[in-house]
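Chemist: here is a sequence with its predicted model. Questions after.
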Amino acid sequence: MRKEVIKSDITVIGGGLAGVSAAVAAARLGKTVSLIQNRPVLGGNSSSEVRVWVCGATAHGTNRYARETGIMGELFVENQYRNIDGNPYIWDMILLETVRAEPNIRLFLNTDVHEVEAEGDTDSRIIRSVTGWMMGSERHIRFESGIFLDCTGDGLVGFLAGARYRIGREAKEEYNEDWAPQVADDITLGSTMFFYTKDAGQPVKFIPPSFAKDITKTTIPLKRVIRSGDNGCAYWWIEWGGKMDTVHDNERIRDELWAVIYGIWDYIKNSGKFDANNMTLEWVGSIPGKREYRRFLGDYVLNQSDIVEQRQFEDGVAFGGWSIDLHPPQGMYSTENGSKHLHADGVYHIPFRSLYSVNVNNLMMAGRDISASHVAFGTTRVMATCAVIGEAAGTGAALCADKGIFPRELYQTHMRELQQTLLRQGASIIGFRNEDPDDLARNAKTTASSTLTQLAVQKSVESYRLASDIGLLLPVDPELRGIELLIDAAEDTRLELELWDTGRGENYVPHTMQTAASIPIKQGVGQWAKLLLHWKPGASQNAFLIIKANERITLHLSDEPQSGVLVFEKGPQPIVSPDFGDQQSAQPVVQWNMRPFVRKSICFRLLSPTHTFAPDKVIDGYHRPYAGPHLWSSALLQEDSSEWLELSWPAPVTIRTVHLTFNDDVNEDLINLHHHRTPFEAIPELVKDYRLQAYIDGEWVTVAEVRNNRKRRAVHTLDRWLSSERLRLVVDATNGCPRAEIIEIRVYE
């Protein structure tokens, strides 16, 4: 046996998306990291071994402007460019490449941690080391660090260290949760395995194994959607084990899932009810994708009210937006629907106090084992949310290692520094803004070659009958005086419009009606209907215009999206789909559906100019939509010409590093595998070709130049320190958008 000791600043156990994000975040801040994964690939449930698609705050397009940024956002955008068809092996490769790109990370695959050395009493413990066995290499490795992150999902490291935890469901009265049971129990969400099929182009027979279930003798066909040719994740409901111990009974659960998978395939192939003669099995999973096990106790336990009320935390470090998504204990055998969902009105917030142990001083956690009740865990458990939690935990761990303190002290004395570090690195904390005193751009004056000042979408490509209320979300800065809509009218009628605010900066649903307008319409086609209404809010925010249903009116739609503008259709009934199960019509983000209008707008013209896209938006502190888009937009880019944005200071400043954030349209719902296909490789709004220039000795000198950019963020560290009073970003081309759009510029010595 080969015995080794590995010392690093931080040890991350678990190589799912939470662990990967935590390790990368800490490494980018200069800390040495040991990343340990007990499988041959990274990605956990998202890997080619399990193949769960990565869900997050967008909730498959239910939430607006909700896609994650930071490290998870980088992975989404890179995967879209290199893996548009969702090949699970290419996703594995992207994760591995991301980790290997960080020289401060030492990666240990196939290494199963099963020993933890910890000391202290039950209320105050310290982890000294964890020890793992590298399978296939016969290496016995001891890892020593000052800070440990349990990103294992099942929470094995914290358990062995003596960290306090919960398994199962809390009673309703403990956190006053409507969705909790009256009496606490040990029921969890079950585990799932998937399978892939393909068309072989010729008849293929299937003889089921002896252990396959005859599903016609079970309750499965009663409530479950079974179709020939569905992708693997359409069978998320092949779930079992919620009444068992999902760790200790893992083998039993796997066997039951296998029996059902082969039984379902036997039913599809041999029942005669499906067009499946040429279909064959391409892949069947062998590792149950676990949803739930231990949840550690931190200084704060996130609960249902925090999610539904979108509670703001002074120590907020991450966000989520998936619904509270709970499944019946019987899993696939339940006669209930496979899941029930409760949505907030928008994204919710996650506090740092839920990311460290209440009694193991140097233990942090990220992923599905954070400090949350079972009900709140129903939303925090999805992988993109686990990833942003991982980035927050990894960043916190790096600051702890740098200062020689534990996470609780970081919360008590350095919380603002942690939040500002996350923002500087590109992570999102919704509603928080850049207040970095070292950012020279915050004190600059901004000018631009041109600015979009008139908000209008006029190119009509199709019509849309006004059979239900239509919502139009528009940024208002400083005021809205009226709007023109391009319509057809089958007969004389009236057009009615209501203007609502959205209540909160992170929400995109109607909250309070502010004013309304109504005008007579004559029969005719292609007419611009002018409605006068005035709203001047105290601060820049979004307006939610409701165009009231009228079957005699047809709106015109454009295929030219406009940043900051969204269109919705109000559904008369709750939306029900195989992906979401039961929905409740009282949930506004469900009732106001934007899926029919992805990258589309109704044709309109605002009657007053807007300051929404002014150059100073790039230094207003926000780097994603929040009560407005927060970006500079040029007027239309002309062929063979450029647009520029300039920062200037009263006197020369010393410049060494410039951070650029481009618009990657966080409203676009990207996916890593196969839930849906987004048609373009690079986000059209992203700047493609640009030059960074400094004004030196009376002329503009190019100090950095990039061609074929496809990323949201770029950090340019110049070859030498520059002294200049003017800095200019010149945009030569985008990836398809007719305007140059910049979200943020930061400048550092």
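Modeler: Yep, that arrived.
Chemist: could you point out which element follows whichever helix or strand residue 720 is part of?
Modeler: Using DSSP states H and E, residue 720 sits in strand 713-734. Per DSSP H and E, strand 713-734 leads on to strand 739-748 as the next helix or strand towards the C-terminus.
Chemist: state the mean pLDDT of that following strand.
Modeler: The pLDDT scores in strand 739-748 average 98.
Chemist: parallel or antiparallel, list what pairs with that strand.
Modeler: strand 632-636 (antiparallel), strand 643-662 (antiparallel) (DSSP bridges).
Chemist: just to revisit the earlier point, which elements pack onto the strand holding residue 720?
Modeler: strand 643-662, strand 687-696, strand 699-706, strand 739-748 (3 or more CB pairs under 8 Å, 6 or more residues apart in numbering; DSSP states H and E). Where C-beta positions appear, they are placed from N, C-alpha and C, glycine not excepted.
Chemist: and of those strands, who's closest to residue 90?
Modeler: Among the helices and strands packed on strand 713-734, the nearest to residue 90 by CB to CB is strand 687-696 (22.7 Å).
Chemist: so what strands line up beside that closest one?
Modeler: Counting by DSSP bridges, strand 687-696 is paired with strand 699-706 (antiparallel), strand 713-734 (antiparallel).
Chemist: what does it contact?
Modeler: 655, 658, 660, 662-663, 682, 700-710, 716, 722, 724-735, 740-742 (CB atoms under 8 Å, 6 or more residues apart in numbering).
Chemist: circling back to that earlier point, now render the strands paired with strand 739-748 as a markdown table, adding distance to residue 401.
Modeler: Converted to a markdown table, the strands paired with strand 739-748 look like this (distance: least, CB to CB, whole Å):
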| stretch | distance to residue 401 |
| --- | --- |
| strand 632-636 | 37 |
| strand 643-662 | 23 |
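Chemist: so of those, which one's packed in deepest?
Modeler: Highest mean neighbour count among those (mean count of other CB atoms under 10 Å): strand 632-636, with a mean of 22.
Chemist: host element of residue 6?
Modeler: Residue 6 belongs to strand 2-7, assigned by DSSP H and E.
Chemist: that strand packs against which elements?
Modeler: Contacts defined by 3+ CB pairs under 8 Å, 6+ apart place strand 2-7 against strand 139-144.
Chemist: quick one: buried residues of the strand it packs on?
Modeler: 139, 141-144 (16 or more other CB atoms under 10 Å).
Chemist: and stretch 90-103, by the same measure?
Modeler: Going by neighbour count (16+ other CB under 10 Å), the buried part of stretch 90-103 is 90-96, 98-99, 102.
Chemist: next up, the contacts around the spatially most central residue of the chain.
Modeler: In the chain, the centroid-proximal residue (CA atoms, centre = their mean) is residue 68; its distance is 3.3 Å. By CB under 8 Å, 6+ apart, the contact list for residue 68 reads 56-57, 76, 384-385, 387-388, 428, 666.
Chemist: what about 6 Å?
Modeler: 56, 384, 388 (CB atoms under 6 Å, 6 or more residues apart in numbering).
Chemist: one more: residue 365?
Modeler: Residue 365 makes contact with 150, 296, according to CB under 6 Å, 6+ apart.
Chemist: also residue 83?
Modeler: Contacts of residue 83 by CB under 6 Å, 6+ apart are residue 90.
Chemist: go again using 10 Å as the cut-off
Modeler: Residue 83 makes contact with 89-91, 93-94, 672-673, 681, according to CB atoms under 10 Å, 6 or more residues apart in numbering.
Chemist: thinking again about what came up before, ok now the strand holding residue 6, how far from the chain's centre?
Modeler: 37 Å (CA atoms, centre = their mean, to the nearest Å).
Chemist: got the angle for that strand vs strand 139-144?
Modeler: Here the directions of strand 2-7 and strand 139-144 differ by 20 degrees (axes from the mean of the first three to the mean of the last three CA atoms, to 10 degrees).
Chemist: would you turn the strands paired with strand 739-748 into TSV with distance to residue 219 and mean pLDDT?
Modeler: What follows is those, written out as TSV (distance: least, CB to CB, whole Å; pLDDT from 0 to 100):
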stretch	distance to residue 219	mean pLDDT
strand 632-636	54	96
strand 643-662	51	98
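Chemist: parallel or antiparallel, list what pairs with the strand holding residue 6.
Modeler: Here strand 2-7 has these sheet partners by DSSP bridges: strand 139-144 (parallel).
Chemist: could I get the buried residue list for whatever helix or strand comes next after the strand it pairs with?
Modeler: Going down the chain from strand 139-144, the next helix or strand is strand 147-150, by DSSP H and E. By neighbour count on 16+ other CB under 10 Å, the buried set for strand 147-150 is 147-150.
Chemist: closest one of these to residue 404?
Modeler: residue 147 (10.3 Å).
Chemist: that closest one reaches residue 357, doesn't it?
Modeler: No: with contact defined as CB atoms under 10 Å, residue 147 does not count as touching residue 357 (11.4 Å).
Chemist: which residues do these two both contact?
Modeler: Listed as contacting both residue 147 and residue 357 by CB under 10 Å, 6+ apart are 127, 363-364, 406-407.
Chemist: from those, pick the one nearest residue 342.
Modeler: residue 364 (28.2 Å).
Chemist: partners of that closest one in the sheet?
Modeler: residue 149, residue 356.
Chemist: any idea which of the contacts of residue 83 is least confident?
Modeler: Here the lowest pLDDT out of these sits on residue 673, with 91.
Chemist: tell me how far that one lies from residue 256.
Modeler: Plainly put, residue 673 is 24 Å away from residue 256 if you go by CB to CB, to the nearest Å.
Chemist: and for residue 397, the neighbour number?
Modeler: 33 (other CB atoms under 10 Å).
Chemist: show me what the worst-scoring helix or strand of the chain on mean pLDDT is packed against.
Modeler: Using mean pLDDT, DSSP states H and E, the weakest-scoring helix or strand in the chain turns out to be helix 220-223, at a mean of 90. Helix 220-223 sits against helix 250-270, with contacts defined as 3 or more CB pairs under 10 Å, 6 or more residues apart in numbering; DSSP states H and E.
Chemist: what about stretch 419-437, start to end distance?
Modeler: 13 Å (CA to CA, to the nearest Å).
Chemist: where in the protein is pLDDT low?
Modeler: 573-586 (pLDDT under 70).
Chemist: got a markdown table for the buried residues of stretch 90-103, with secondary structure too?
Modeler: Listed next are these as a markdown table, based on DSSP: H, G, I helix; E, B strand; the rest coil:
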| residue | secondary structure |
| --- | --- |
| 90 | helix |
| 91 | helix |
| 92 | helix |
| 93 | helix |
| 94 | helix |
| 95 | helix |
| 96 | helix |
| 98 | helix |
| 99 | helix |
| 102 | coil |
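Chemist: format those as TSV; extra columns: distance to residue 494.
Modeler: Compiled in TSV, the buried residues of stretch 90-103 are given as follows (distance: CB to CB, whole Å):
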residue	distance to residue 494
90	54
91	52
92	58
93	58
94	54
95	56
96	61
98	56
99	61
102	62
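Chemist: nearest to residue 624, of the residues you listed?
Modeler: For the buried residues of stretch 90-103, the nearest to residue 624 is residue 98 (21.3 Å; CB to CB).
Chemist: correct me if wrong: the closest one contacts residue 25.
Modeler: No: the pair residue 98 / residue 25 is not scored as a contact, 11.5 Å apart, by CB under 10 Å.
Chemist: anything in contact with each of those two?
Modeler: Common contacts of residue 98 and residue 25 (CB under 10 Å, 6+ apart): residue 71.
Chemist: drop anything exposed from the contacts of strand 687-696.
Modeler: 655, 658, 660, 662-663, 682, 700, 703-704, 706, 709-710, 722, 724, 726-735, 740-742.
Chemist: the helix or strand encompassing residue 514 pairs with which strands, and in what direction?
Modeler: In this structure, residue 514 sits in strand 512-521 according to DSSP H and E. Here strand 512-521 is paired, per DSSP bridges, with strand 493-501 (antiparallel).
Chemist: for residue 461, state which of the shared contacts of residue 147 and residue 357 is nearest.
Modeler: Nearest to residue 461 among those, with distances taken as CB to CB, is residue 364, at 50.8 Å.
Chemist: that's all I had, so thanks and see you.
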